[in-house]
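1. I would like to see how this sequence folds:
(one chain, ligands or ions: 1)
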Amino acid sequence: MTGLVSVPVNGLRGKIGVPGDKSISHRALMIGGMAVGETTIRGLLLGDDVLRTATAMEAMGVTILRDSDDQWRVFGVGVGGLREPDNVLDLGNAGTGARLLMGLVGTHPITAQFTGDASLRSRPMGRIAEPLSQIGTQVIARNGDKMPLTVTGAKMPMPIEYVLPVPSAQVKSAVLLAGLNTPGKTSVVESRPSRDHTELMLRHFGANVSVVDEEEDRRVITVTGQPELEGREVNVPGDPSSAAFPLVAGLISQDAEITISNVGLNPLRIGLIETLREMGATIDVNNEREQAGEPVADLLVRSSKLNGVTVPPERAPSMIDEYPILAVAAATAEGVTLMQGLAELRVKESDRLAAIVDGLRACGVIVDVEGDDLIVTGSPGQLAGGARIESRMDHRIAMSFLVMGMAAKNAVEIDDAGHIGTSFPAFVELMNGLGAKIEETT
Ligand code: S3P
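-> Residues are numbered from 1 along each chain as shown. From the prediction side, this is the model:
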């Protein structure tokens, strides 16, 4: 285990790009793998999570070539063409990889076993098994809903309409990907819109996907099964969830000015930027453009005086991975920040609600949880820091507390940096390039 320490700094400055979007990278490999012909992917995230998905797709017959770090080519097997893997699919830390692949496998007449690291093996998989069983897939899981598990795909899949019991893009995407090799129309109904990268990417490859807002709380997404998908070019934008770390570092440290280029700004991913602006953040969005159907722009951020706000539960899906770093920003803001409706944080790579509360308290912050709400009382200029935080196999917890160290009075340590590489392998190098001081602990 390598620990890291981040010491307080002033004057973070410079221009960086962040790695490719993790959600889009997984989907590009999977949907490219279901197409006929060649798919070229540029800007793929070279994080462990995505590499696991690539290996799993290869194990099921897809040819994937890494021409260079920036260019990958996928030769798909066509919808319905996956072959049975001859070994267990080990998805490591990757919840998205595991859950979306379960959907894909679920409507192929093959059997695949799935496992992952200790974090992934503790996460609920019943939420995927449930809709898949309605389609006709059999999932046999440890303790009913944990990995390792075995998926036996339906030979004659049934199209379903599935009303999401939890707001989750992973569950939505698993059902839509299962719908790809199901005759007829498969629909998912969401009450709170979640990231729509699967829908956009399926369309980009030629599938028929309709999205209808029937009522305020009823968005129906329908995929028409068994299309012929065609290989395409995909340019993966920078991940807004990774950009969140330098963004908040720039806001909460003194005398900072940072440009983060090529950040994906899908409207269903920008809850953090909206919230930080409400708190008083100076964030300029420059050079707005479109890339593979997704809006992208360059962000310019400067040190800002922040004020506490209330973040409503409806906003959670659009910033679900950003609460740990928002909580760090809230700890430096004037007044109280109330973040509502965070139940889903308990089932991420770690129990993030507990990790945030324990970590902030160790750094001297006043923090409370009431039901599913998180309440952080900020103390501008008075953030103590000076603690060693357990990263709990969770990349976003690790990076959030390293950012906290930059703006606290005393350094902040994390016990294990190992998982940062799942989503942001160059995090330390890039942050240190801006003037941060993150070093290995002995
Ligand atoms: C993701 C969806 C979210 C998010 C995860 C990536 C995706 O999970 O937390 O990091 O790519 O679909 P949930 O669907 O569980 O909310």
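
2. Output the set of residues of the chain in proximity to the ligand.
-> Where proximity means Cβ under 6 Å from any ligand atom, the interface of the chain facing the ligand comprises 23, 96, 168, 169, 170, 173, 195, 320, 321, 344. C-betas here are computed from N, CA, C, even on glycine.

3. between those, which is closest to residue 106?
-> Proximity of the residues of the chain next to the ligand to residue 106, judged by Cβ to Cβ, is greatest for residue 173, which lies at 12.2 Å.

4. Phi, psi for the closest residue to that closest one other than its chain neighbours please.
-> Take residue 173 and drop its neighbours on the chain: the residue closest to it by Cβ to Cβ, 6 or more residues apart in numbering is residue 198, 4.1 Å away. Backbone torsions of residue 198, given as degrees, to the nearest 10, read phi -70, psi -50.

5. Tell me who's in contact with residue 198.
-> Listed by Cβ atoms under 8 Å, 6 or more residues apart in numbering, the contact partners of residue 198 are 27, 31, 100, 169, 172, 173, 176, 177.

6. can you tell me the helix or strand for the fifth one?
-> Remark: residue 172 resides in helix 169-180, with elements defined by DSSP states H and E.

7. Mind exporting the C-alpha coordinates of that helix to CSV?
-> What follows is the C-alpha trace of helix 169-180 in CSV, where atoms were taken according to Å, rounded to 0.1, in the frame of the first residue of the first chain:
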residue,chain,number,x,y,z
ALA,A,169,-27.6,5.1,-14.9
GLN,A,170,-26.0,1.7,-14.4
VAL,A,171,-29.3,-0.1,-13.9
LYS,A,172,-30.8,1.8,-16.8
SER,A,173,-27.9,1.0,-19.1
ALA,A,174,-27.8,-2.7,-18.1
VAL,A,175,-31.5,-3.0,-19.2
LEU,A,176,-30.9,-1.1,-22.4
LEU,A,177,-27.9,-3.1,-23.3
ALA,A,178,-29.9,-6.3,-22.6
GLY,A,179,-32.6,-4.9,-24.8
LEU,A,180,-30.1,-4.7,-27.7
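
8. That helix: what's the following helix or strand?
-> Toward the C-terminus, helix 169-180 is succeeded by strand 185-190 as the next helix or strand (DSSP H and E).

9. Residue 253 is in contact with residue 13, correct?
-> No - with contacts counted by Cβ atoms under 8 Å, residue 13 stays clear of residue 253, the gap being 10.4 Å.

10. Quick one: classify the spatially closest residue to residue 162 that is not a sequence neighbour as helix, strand or coil.
-> Excluding its sequence neighbours, the residue lying closest to residue 162 (Cβ to Cβ, 6+ apart) is residue 131, at 4.6 Å. Under DSSP: H, G, I helix; E, B strand; the rest coil, residue 131 falls in the helix class.

11. my read: residue 131 touches residue 158, true?
-> No - taking Cβ under 8 Å as the definition, residue 131 is not a contact partner of residue 158, at 11.0 Å.

12. which one of those two has more residues nearby?
-> More neighbours surround residue 131 than the other of residue 131 and residue 158, with 23 against 14 (other Cβ atoms under 10 Å).

13. Can you name the residues that contact that one?
-> Contact criterion Cβ under 8 Å, 6+ apart gives 160, 162, 171, 174, 175, 178 as the residues in contact with residue 131.

14. got it, and residue 106?
-> For residue 106, the contacting residues are 132, 135, 137, 139, 151, 153, 154, 157, 174, 178, taking Cβ under 8 Å, 6+ apart as the criterion.

15. quick one: which of these sit in helices?
-> 132, 135, 174, 178 (DSSP state H).

16. which phi and psi does residue 350 have?
-> Per degrees, to the nearest 10, the residue geometry at residue 350, taken as phi and psi, is phi -140, psi 180.

17. wait, it sits on residue 395?
-> No - if you go by Cβ under 8 Å, residue 350 and residue 395 don't touch, sitting 9.8 Å apart.

18. of those two, who's got more company?
-> Here residue 350 and residue 395 are set side by side on neighbour count (other Cβ under 10 Å), and the busier one is residue 395, at 29 against 24.

19. That one touches residue 352, doesn't it?
-> No - with contact defined as Cβ under 8 Å, residue 395 does not reach residue 352; the gap is 11.1 Å.

20. So which residues of the chain form helices?
-> Going by DSSP H, the chain shows helices at 22-33, 48-59, 95-105, 118-121, 126-135, 169-180, 197-204, 240-252, 271-278, 323-331, 352-362, 395-407, 427-434.

21. May I see the ones you listed arranged in a markdown table, with mean pLDDT as well?
-> Supplementary listing: the helices of the chain in a markdown table, determined by pLDDT from 0 to 100:
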| stretch | mean pLDDT |
| --- | --- |
| helix 22-33 | 98 |
| helix 48-59 | 98 |
| helix 95-105 | 98 |
| helix 118-121 | 98 |
| helix 126-135 | 98 |
| helix 169-180 | 98 |
| helix 197-204 | 96 |
| helix 240-252 | 98 |
| helix 271-278 | 98 |
| helix 323-331 | 98 |
| helix 352-362 | 98 |
| helix 395-407 | 98 |
| helix 427-434 | 98 |
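
22. Residue 300: neighbour count?
-> Residue 300 sits with 18 neighbouring residues when counted by other Cβ under 10 Å.

23. Which residues does it form beta bridges with?
-> Taking DSSP bridges, one obtains residue 259, residue 284 as the residues bridged to residue 300.

24. can you tell me which residues contact it?
-> By Cβ under 8 Å, 6+ apart, the contact set of residue 300 is 257, 258, 259, 283, 284, 286.

25. And it, how far from residue 284?
-> Taking Cβ to Cβ, to the nearest Å as the measure, residue 300 and residue 284 are separated by 4 Å.

26. Okay, domains of the protein per the record?
-> Taking automatic domain parsing as the domain assignment, the record places the domains of the chain at 4-20+237-440, 22-233.

27. burial measure for the closest residue to residue 318 other than its chain neighbours, as a count.
-> Among residues not flanking residue 318 along the chain, residue 271 sits closest, at 3.5 Å (Cβ to Cβ, 6+ apart). Residue neighbour count, defined by other Cβ under 10 Å, stands at 23 for residue 271.

28. so who does residue 271 touch?
-> Residue 271 makes contact with 311, 315, 316, 317, 318, 319, 322, according to Cβ under 8 Å, 6+ apart.

29. Residue 324 too?
-> The contact partners of residue 324, by Cβ under 8 Å, 6+ apart, come to 352, 355, 356, 396, 397, 400.

30. Over to residue 312?
-> Remark: with contacts taken as Cβ under 8 Å, 6+ apart, residue 312 is in contact with 340, 341.

31. The same query, at a cut-off of 7 Å, please.
-> Residue 312 makes contact with residue 340 under the criterion Cβ atoms under 7 Å, 6 or more residues apart in numbering.
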